[in-house]
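Undergrad: the following comprises the amino acid sequence and a computationally predicted model.
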Amino acid sequence: MVFFGHASGYSLAVLAGLLERNLRPCAVVQHGRPPPRSPIPVFPAADTPAGLASQHGIDVLWVNDPNPASLALALSELEAGLFLVACYPRRLPGEVFRLAQRACLNLHPSLLPGYRGPAPVFWQLQDGERNTGISLHHVTDRLDAGPLVAQRRVPLPP
């Protein structure tokens, strides 16, 4: 499994949940820039997916420029069966998500098809929603529109 995330509490919680259940990714793809090179070792912040991955000895692939060819090359060498996406801030192009040998799934923080796209939690709060949920769906060429695998409704705290 390859995990795709962002320096956010949502991505961190999903990765931590996987690790607690002994579901260890072979790599973590984190959007952003790696820590600067320094004669003194600098590590990613522990409260990011990259930091948590580093603590567990999991390779981190940093992606700042969404160059699908270079990301696809790095991922093809991993031969991963599953890609799991949680709050990755870029749309994965087909040449990337199709590299998953079994499936590429996204864990989206809304009850799809509602609140597709970026910042779904913000928009649910903005709209005064009282319930939210989480949707696990297949990644396709259309953003947050792939076939659903599972959904769970939860109350939205005040």
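TA: Cool, the structure landed.
Undergrad: contacts for the top helix by length along the chain, please.
TA: Taking DSSP state H as the criterion, the chain has its longest helix at helix 9-20. Here helix 9-20 makes contact (C-beta atoms under 8 Å, 6 or more residues apart in numbering) with 1, 3, 5, 24-25, 28, 30, 47-49, 52-53, 56, 84, 86-88, 107, 109, 121. Every residue, glycine included, has its C-beta placed from N, CA and C.
Undergrad: at 7 Å what do you get?
TA: With C-beta atoms under 7 Å, 6 or more residues apart in numbering as the test, helix 9-20 has contacts from 3, 5, 25, 28, 47-49, 52, 56, 86-87, 107, 109.
Undergrad: can you pull out the strands in the chain?
TA: Here the chain has its strands, by DSSP state E, at 2-5, 27-31, 59-63, 82-85, 103-108, 131-138, 148-155.
Undergrad: list the buried ones in the third one?
TA: Counting neighbours by 16 or more other C-beta atoms under 10 Å, one finds that the buried residues in strand 59-63 are 60-61, 63.
Undergrad: tell me the strands beside that strand, with direction?
TA: strand 27-31 (parallel) (DSSP bridges).
Undergrad: which secondary element of the chain has the worst mean pLDDT?
TA: Lowest on mean pLDDT, DSSP states H and E among the helices and strands of the chain sits helix 68-76, with a mean of 86.
Undergrad: only alpha carbons, please: show stretch 68-77 as CSV.
TA: Presented in CSV, the C-alpha positions along stretch 68-77 are these (Å, rounded to 0.1, in the frame of the first residue of the first chain):
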residue,chain,number,x,y,z
PRO,A,68,2.9,13.0,-13.1
ALA,A,69,5.8,11.3,-15.0
SER,A,70,8.3,11.5,-12.2
LEU,A,71,5.8,10.4,-9.6
ALA,A,72,4.6,7.6,-11.8
LEU,A,73,8.2,6.4,-12.2
ALA,A,74,8.8,6.4,-8.5
LEU,A,75,5.5,4.6,-7.8
SER,A,76,5.9,2.0,-10.5
GLU,A,77,9.1,0.8,-8.8
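Undergrad: no more questions from me, cheers.
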